[in-house]
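Trainee: I'll drop the sequence and a predicted model, then ask my questions.
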Amino acid sequence: MPDFPDGPRKHLLPKCEEVHFLTMKGMDQPLTWVERVRMRMHLAICDACTNFNGQMRIMRNAMRRLGQQEPGERDD
Ligand SMILES: [Zn+2]
(Lines give C-alpha, C1' and ligand atoms only; values in the text may rest on other atoms or scores of the structure.)
Protein backbone atom coordinates (compact mmCIF):
# COMPACT_ATOMS: atom_id res chain seq x y z
CA MET A 1 0.00 0.00 0.00
CA PRO A 2 1.43 3.33 -1.04
CA ASP A 3 2.44 5.58 1.79
CA PHE A 4 1.39 9.19 1.33
CA PRO A 5 1.51 9.55 -2.47
CA ASP A 6 1.41 13.29 -2.10
CA GLY A 7 3.11 13.40 1.27
CA PRO A 8 6.35 15.01 2.33
CA ARG A 9 8.54 12.23 0.94
CA LYS A 10 7.55 13.09 -2.60
CA HIS A 11 8.80 16.64 -2.16
CA LEU A 12 11.88 15.64 -0.22
CA LEU A 13 13.22 13.18 -2.77
CA PRO A 14 14.02 14.27 -6.31
CA LYS A 15 12.60 12.29 -9.20
CA CYS A 16 14.69 10.08 -11.46
CA GLU A 17 14.47 12.69 -14.23
CA GLU A 18 15.93 15.32 -11.96
CA VAL A 19 18.79 13.03 -10.95
CA HIS A 20 19.54 12.24 -14.59
CA PHE A 21 19.56 15.95 -15.34
CA LEU A 22 21.87 16.67 -12.43
CA THR A 23 24.18 13.84 -13.49
CA MET A 24 24.57 15.41 -16.92
CA LYS A 25 24.85 18.90 -15.50
CA GLY A 26 27.49 17.79 -13.03
CA MET A 27 29.74 16.73 -15.89
CA ASP A 28 29.87 20.27 -17.26
CA GLN A 29 29.83 22.30 -14.08
CA PRO A 30 30.08 21.81 -10.32
CA LEU A 31 26.77 21.10 -8.63
CA THR A 32 25.57 23.08 -5.66
CA TRP A 33 25.61 21.56 -2.22
CA VAL A 34 21.84 21.11 -2.28
CA GLU A 35 21.94 19.43 -5.67
CA ARG A 36 24.60 17.00 -4.54
CA VAL A 37 22.66 16.13 -1.38
CA ARG A 38 19.44 15.57 -3.34
CA MET A 39 21.26 13.34 -5.80
CA ARG A 40 22.92 11.35 -3.07
CA MET A 41 19.64 10.84 -1.23
CA HIS A 42 17.99 9.59 -4.40
CA LEU A 43 20.90 7.33 -5.35
CA ALA A 44 20.68 5.74 -1.91
CA ILE A 45 17.24 4.37 -2.73
CA CYS A 46 17.23 4.08 -6.54
CA ASP A 47 19.25 1.35 -8.25
CA ALA A 48 18.34 2.58 -11.72
CA CYS A 49 19.87 5.99 -11.14
CA THR A 50 22.88 4.47 -9.41
CA ASN A 51 23.52 2.43 -12.55
CA PHE A 52 22.92 5.44 -14.77
CA ASN A 53 25.32 7.49 -12.71
CA GLY A 54 28.00 4.79 -12.91
CA GLN A 55 27.61 4.47 -16.67
CA MET A 56 27.88 8.22 -17.18
CA ARG A 57 31.02 8.29 -15.05
CA ILE A 58 32.62 5.53 -17.11
CA MET A 59 31.67 7.36 -20.31
CA ARG A 60 33.07 10.62 -19.01
CA ASN A 61 36.36 8.97 -18.10
CA ALA A 62 36.56 7.41 -21.55
CA MET A 63 35.89 10.79 -23.18
CA ARG A 64 38.51 12.44 -21.02
CA ARG A 65 41.06 9.83 -22.01
CA LEU A 66 40.29 10.51 -25.68
CA GLY A 67 40.63 14.22 -25.07
CA GLN A 68 44.02 13.77 -23.47
CA GLN A 69 45.35 11.91 -26.46
CA GLU A 70 48.07 13.85 -28.22
CA PRO A 71 47.11 15.12 -31.66
CA GLY A 72 48.75 13.06 -34.35
CA GLU A 73 49.10 10.09 -32.05
CA ARG A 74 45.89 8.51 -33.27
CA ASP A 75 45.90 5.72 -35.81
CA ASP A 76 42.84 6.77 -37.78
ZN1 LIG B 1 16.04 7.19 -9.77
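Mentor: That came through fine. Quick caveat: nothing in here was measured; it's all calculated off a predicted structure.

Trainee: CA only for contacts and neighbour counts going forward, please
Mentor: Noted.

Trainee: and the residue in the chain that the ion sits nearest to, how far is that from Gln55?
Mentor: Among the residues of the chain, Cys16 lies nearest to the ion; the distance is 3.6 Å by Cα to the ion. In this view, Cys16 and Gln55 are 15 Å apart by Cα to Cα, to the nearest Å.

Trainee: Between the two, tell me which one has more neighbours.
Mentor: Under the criterion of other Cα atoms under 10 Å, the comparison of Cys16 against Gln55 puts Cys16 first, with 15 against 12.

Trainee: What is the neighbour count of the closest residue to the more buried one other than its chain neighbours?
Mentor: When the adjacent residues along the chain are set aside, Cys16 lies closest to Cys49, with 6.6 Å between them (Cα to Cα, 6 or more residues apart in numbering). In terms of burial, Cys49 registers 20 neighbours under the definition other Cα under 10 Å.

Trainee: my guess is Cys49 meets Arg40, correct?
Mentor: No: taking contacts as Cα atoms under 8 Å, Cys49 lies outside contact range of Arg40: 10.2 Å.

Trainee: Give me the contacts around whichever helix in the chain runs longest.
Mentor: For the chain, the helix with the greatest residue count under DSSP state H is helix 47-68. Under the contact criterion Cα atoms under 8 Å, 6 or more residues apart in numbering, helix 47-68 has outside partners Cys16, Val19, His20, Thr23, Met24, Met27, His42, Leu43, Ala44.

Trainee: Let's see if you can find the most crowded of those.
Mentor: With neighbours taken as other Cα under 10 Å, the top of those is Val19, carrying 24 neighbours.

Trainee: Can you tell me the closest non-neighbouring residue to that one?
Mentor: With Cα to Cα, 6+ apart as the measure, Met39 is the residue that lies nearest to Val19, at 5.7 Å, once sequence neighbours are left out.

Trainee: quick one: contacts for that neighbour?
Mentor: With contact taken as Cα under 8 Å, 6+ apart, Met39 is in contact with Pro14, Val19, Leu22.
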